[in-house]
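Chemist: Let's see this in three dimensions:
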Amino acid sequence: MNNLADDVTGEGAAWDGAFEGAETVRSVVVGARELYENQLFSYAGPCGDFGFLEEYTTEVRGVHLKVVVTVTFNEAGQAQRVVVNHRPRTALLFLSRATHEKFAGTPIADHFLATEP
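Modeler: Take a look at the predicted model:
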């Protein structure tokens, strides 16, 4: 999160739309990770010529999640695109609601689920 392009985009299954800009993408990713109780990595390393891949498990309020993060770098070596995918679906929906609570009162919260289905 320290080498994001100014026009980086952040996408994820837990939210609607894409976040744009280094400050916003960093806020979303760091804020979501603050909800994590742990991170147990099974892989973190290169993926192709211009990419990075993380695969890990975590828990949020006791709910178990599996996570895959892909990062695509631009020619300057900065993260240009960050995609975060959580599973299973029920845990992803739980995370989306918890993230909405975390960012309540900010424009970021509007991208996450507000209530139980």
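
Chemist: CA only for contacts and neighbour counts going forward, please
Modeler: OK.

Chemist: Helices of this protein, start to end?
Modeler: Listed in chain order, the helices of the chain (DSSP state H) span 22-35, 89-102.

Chemist: Switch those helices over to JSON lines; also include mean pLDDT and distance to Asn74.
Modeler: Output for these, formatted as JSON lines (pLDDT from 0 to 100; distance: least, CA to CA, whole Å):
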{"stretch": "helix 22-35", "mean pLDDT": "95", "distance to Asn74": "14"}
{"stretch": "helix 89-102", "mean pLDDT": "96", "distance to Asn74": "28"}
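
Chemist: just these: most buried one?
Modeler: helix 89-102 (a mean of 20; mean count of other CA atoms under 10 Å).

Chemist: what about dumping the CA coordinates of it to CSV?
Modeler: Listed next in CSV are the C-alpha coordinates belonging to helix 89-102 (Å, rounded to 0.1, in the frame of the first residue of the first chain):
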residue,chain,number,x,y,z
ARG,A,89,-20.4,-15.6,-0.2
THR,A,90,-22.0,-15.5,3.3
ALA,A,91,-18.7,-14.4,4.8
LEU,A,92,-18.2,-11.8,2.1
LEU,A,93,-21.7,-10.3,2.8
PHE,A,94,-20.9,-10.3,6.5
LEU,A,95,-17.6,-8.5,5.8
SER,A,96,-19.4,-6.0,3.6
ARG,A,97,-21.8,-5.1,6.4
ALA,A,98,-18.9,-4.8,8.9
THR,A,99,-17.0,-2.6,6.6
HIS,A,100,-20.1,-0.4,6.1
GLU,A,101,-20.2,0.0,9.9
LYS,A,102,-16.5,0.9,10.0
